[in-house]
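Novice: Okay, here's the prediction I keep looking at, along with the sequence it came from:
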4 protein chains.
Amino acid sequence: MSSKTNISKYRIYYEDTDAGGIVYYANYLKFFERGRTEYIRDLGISQTNLREKEGIGFVVKTCEIDYKSSARLDDIIRVETEISKQTKVSIEMKQKIYRDNDNTLLCEGNFLIVCINKDMKPTKIPGIIS
Amino acid sequence: MSSKTNISKYRIYYEDTDAGGIVYYANYLKFFERGRTEYIRDLGISQTNLREKEGIGFVVKTCEIDYKSSARLDDIIRVETEISKQTKVSIEMKQKIYRDNDNTLLCEGNFLIVCINKDMKPTKIPGIIS
Amino acid sequence: MSSKTNISKYRIYYEDTDAGGIVYYANYLKFFERGRTEYIRDLGISQTNLREKEGIGFVVKTCEIDYKSSARLDDIIRVETEISKQTKVSIEMKQKIYRDNDNTLLCEGNFLIVCINKDMKPTKIPGIIS
Amino acid sequence: MSSKTNISKYRIYYEDTDAGGIVYYANYLKFFERGRTEYIRDLGISQTNLREKEGIGFVVKTCEIDYKSSARLDDIIRVETEISKQTKVSIEMKQKIYRDNDNTLLCEGNFLIVCINKDMKPTKIPGIIS
């Protein structure tokens, strides 16, 4: 199991916000997913290749989100991603999103990711993630 | 505490799907939010009025999602929403999304909703929700 | 060429709005696309079937949007869709979006839709649209 | 009138794609808007400040999009933005989006942007953009 932490940063644009003046609550899941994707990319894994060549993909089975504070237009957010647990077919990822300029914790998420084959059945995670 | 269940139905369009051929995982939170909004609207409450006239709004504090199966383009989904617990300043809502034509359970969500004032601080839920 | 007009209506939710307090400009293209989809569905055509069984799909080649006014949270909008021109491989659709309760014109769009095959090349539109 | 060109680059994530396997057509308007925002930021202008302190904002009045080719998951796209015309209250921006690794032109957009005040009426563009 990798003990590394991936850090990726994103700007907040109008597309991310809602009429409450803050980032729309579902959009944090987009940022969490960007962070997980970059984590996997940093391991040298192309999810596009995995899917097209081996019919293997990763899906979110469960998630728990705790919203602490809100990001606003023009903020830069920092997504921190790490693997907290791994089995043969699944990965648990622990993620945090901060407002980067003042280090405020905006939300925390725990995601159970399952590796699936073409028939949407759980399958062994490729050896490269270990 | 209301014991009613709100049922609302939505069509899946291209905007909701991703390159995996299924509904993008974050978009179920949009459907859950539509369901909660319709639940509150059915109680005769206008969230727009609450916000503009009394400075009161509802925000999601935590959520837990369990993804069971996937919706696809052209599916009609059914969102079932009920209140499972209520305090002076918060509501717990339990929601399920089904593919409507074959009744397949697609995902379940538990949401802790907090009533906040203009300063983003917890405040008493208007009496009408009871 | 059909001379019918399809009318479909949608509620505005938080997901559709931005920090300006109005519907985010790109999201009108989602509503326009819902309207075109319902237009085609009303002709008895399943786009899912067309794509999966015949490898045929419709893509937007060009669009022109004129924004007149803005929709807000809780508004119901009415999308009116009609075909303004048709060739063997393309359809021009003229669409208008109104706020339904006061009939305010919110935006107008002209879309050139091309029928494509699996190789993304223009192909003859199935006879059923005529 | 500035003759500079702003170049900004973005990764394509699952959130951007649809069941057709390519970027959803409305989402290019998000990337165009990111490019225009970065153009304005590079001029030293904070749109958040303008809105909050002077009640001034920019809205899209019209847009024309020509879709040439499609971006896919994991692509990096390059958004090129320049001002093609300017009046006292409006700016015309010409934008192109390329797949960055092979320089394929994906789509072109022309946007008429109007500067508005709190009452949503056209107002003079702050002197700094000139």
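Specialist: That came in fine, so what should we check first? Numbers count the residues shown, from 1 in each chain, chains lettered A, B, ... in the order given.
Novice: Against which helices or strands is the lengthiest helix in chain A packed?
Specialist: Counting residues, the longest helix found in chain A (DSSP state H) is helix A:27-42. If contacts are counted by 3 or more Cβ pairs under 8 Å, 6 or more residues apart in numbering or on different chains; DSSP states H and E, helix A:27-42 sits against strand A:5-11, helix A:47-54, strand A:57-67, strand A:76-86, strand A:90-99, strand A:105-116. Quick note: C-beta positions are derived from backbone N, CA and C, even for glycine.
Novice: Write out the residues of chain A neighbouring chain C.
Specialist: Contact residues, chain A versus chain C (Cβ under 8 Å from any Cβ of the partner chain): A:Tyr14, A:Glu15, A:Thr17, A:Asp18, A:Ala19, A:Gly20, A:Gly21, A:Ile22, A:Tyr24, A:Ala26, A:Arg72, A:Leu73.
Novice: need the contact list for the closest residue to A:Pro122 other than its chain neighbours.
Specialist: Nearest residue to A:Pro122, sequence neighbours excluded (Cβ to Cβ, 6 or more residues apart in numbering or on different chains): A:Val89, at 4.3 Å. With contact set as Cβ atoms under 8 Å, 6 or more residues apart in numbering or on different chains, A:Val89 has these partners: A:Val114, A:Cys115, A:Pro122, A:Thr123, A:Lys124, A:Ile125.
Novice: What about the fourth one? Give its phi and psi, please.
Specialist: Comment: the main-chain dihedrals of A:Thr123 come out as phi -140, psi 160, following degrees, to the nearest 10.
Novice: Quick check: buried residues in the helix or strand of chain A with the lowest mean pLDDT?
Specialist: None of the helices or strands of chain A scores lower by mean pLDDT, DSSP states H and E than helix A:47-54, at a mean of 86. For helix A:47-54, burial by neighbour count (16 or more other Cβ atoms under 10 Å in any protein chain shown) applies to A:Gln47, A:Leu50, A:Arg51.
Novice: Could you tell me how many residues sit around A:Lys4?
Specialist: Counted with other Cβ atoms under 10 Å in any protein chain shown, the neighbours of A:Lys4 add up to 11.
Novice: Tell me the secondary structure at the residue of chain A positioned farthest from its centre.
Specialist: In chain A, A:Ala19 marks the outermost C-alpha relative to the chain mean, sitting 25.1 Å out by Cα atoms, centre = their mean. Classification of A:Ala19 using DSSP: H, G, I helix; E, B strand; the rest coil returns coil.
Novice: thought it was touching C:Asp18?
Specialist: Yes. Counting by Cβ atoms under 8 Å, A:Ala19 does reach C:Asp18; the two are 7.2 Å apart.
Novice: Below-threshold pLDDT in chain A: ranges please.
Specialist: A:1-3, A:128-130 (pLDDT under 70).
Novice: residues in it within reach of chain D, list them.
Specialist: Checking chain A against chain D by Cβ under 8 Å from any Cβ, the hits are A:11, A:13-15, A:30, A:33-34, A:37, A:46-48, A:72-74.
Novice: Please list only the buried members of these.
Specialist: The buried subset of the residues of chain A next to chain D (16+ other Cβ under 10 Å) comprises A:Arg11, A:Tyr13, A:Tyr14, A:Glu15, A:Lys30, A:Glu33, A:Arg34, A:Thr37, A:Gln47, A:Leu73, A:Asp74.
Novice: give the contact list for A:Ala48.
Specialist: One correction, residue A:48 is Thr, not Ala. So A:Thr48 contacts D:Arg72, D:Leu73, D:Asp74 (Cβ under 8 Å, 6+ apart).
Novice: Strands - which of the residues you listed land there?
Specialist: Among those, no member falls in strands (DSSP state E).
Novice: pretty sure A:Lys85 contacts A:Ile91?
Specialist: Yes. Using Cβ under 8 Å, A:Lys85 is in contact with A:Ile91, at 7.4 Å.
Novice: Please say which of these two ends up with more neighbours.
Specialist: Higher neighbour count among A:Lys85 and A:Ile91: A:Ile91, with 22 against 12, using other Cβ under 10 Å.
Novice: where's the nearest residue to that one once chain neighbours are set aside relative to chain B, distance?
Specialist: Nearest residue to A:Ile91 in three dimensions, chain neighbours excluded: A:Ile113, at 4.6 Å (Cβ to Cβ, 6+ apart). According to Cβ to the nearest Cβ, to the nearest Å, A:Ile113 and chain B sit 11 Å apart.
Novice: Okay, A:Ile113 and chain D: tell me how far apart.
Specialist: 13 Å.
Novice: Could you give the bridge partners of that residue?
Specialist: Under DSSP bridges, the beta-bridge partners of A:Ile113 are A:Val60, A:Ile91.
Novice: mind listing what it touches?
Specialist: So A:Ile113 contacts A:Arg36, A:Phe58, A:Val59, A:Val60, A:Lys61, A:Ser90, A:Ile91, A:Glu92, A:Met93 (Cβ under 8 Å, 6+ apart).
Novice: if I look at it, how far off is A:Lys85?
Specialist: Separation of A:Ile113 from A:Lys85 (Cβ to Cβ, to the nearest Å): 11 Å.
Novice: Need the overlap of contacts for those two.
Specialist: Common neighbours of A:Ile113 and A:Lys85, using Cβ under 8 Å, 6+ apart, are A:Ile91, A:Glu92.
Novice: contacting residues around the nearest residue to A:Glu82 once chain neighbours are set aside?
Specialist: Nearest non-adjacent residue to A:Glu82, counting by Cβ to Cβ, 6+ apart: A:Thr5, 4.6 Å away. Applying Cβ under 8 Å, 6+ apart, we find A:Thr5 in contact with A:Glu80, A:Thr81, A:Glu82.
Novice: go with 10 Å
Specialist: For A:Thr5, the residues meeting the contact criterion (Cβ atoms under 10 Å, 6 or more residues apart in numbering or on different chains) are A:Tyr39, A:Glu80, A:Thr81, A:Glu82, A:Ile83, A:Lys94, A:Gln95, A:Lys96.
Novice: hang on, the earlier thing: tell me who's in contact with the nearest residue to the residue farthest from the centre of chain A once chain neighbours are set aside.
Specialist: Of all residues not flanking A:Ala19 in the chain, C:Thr17 sits nearest, at 3.7 Å (Cβ to Cβ, 6+ apart). By Cβ under 10 Å, 6+ apart, the contact list for C:Thr17 reads A:17-20, A:24, C:23-24, C:27, C:70-75.
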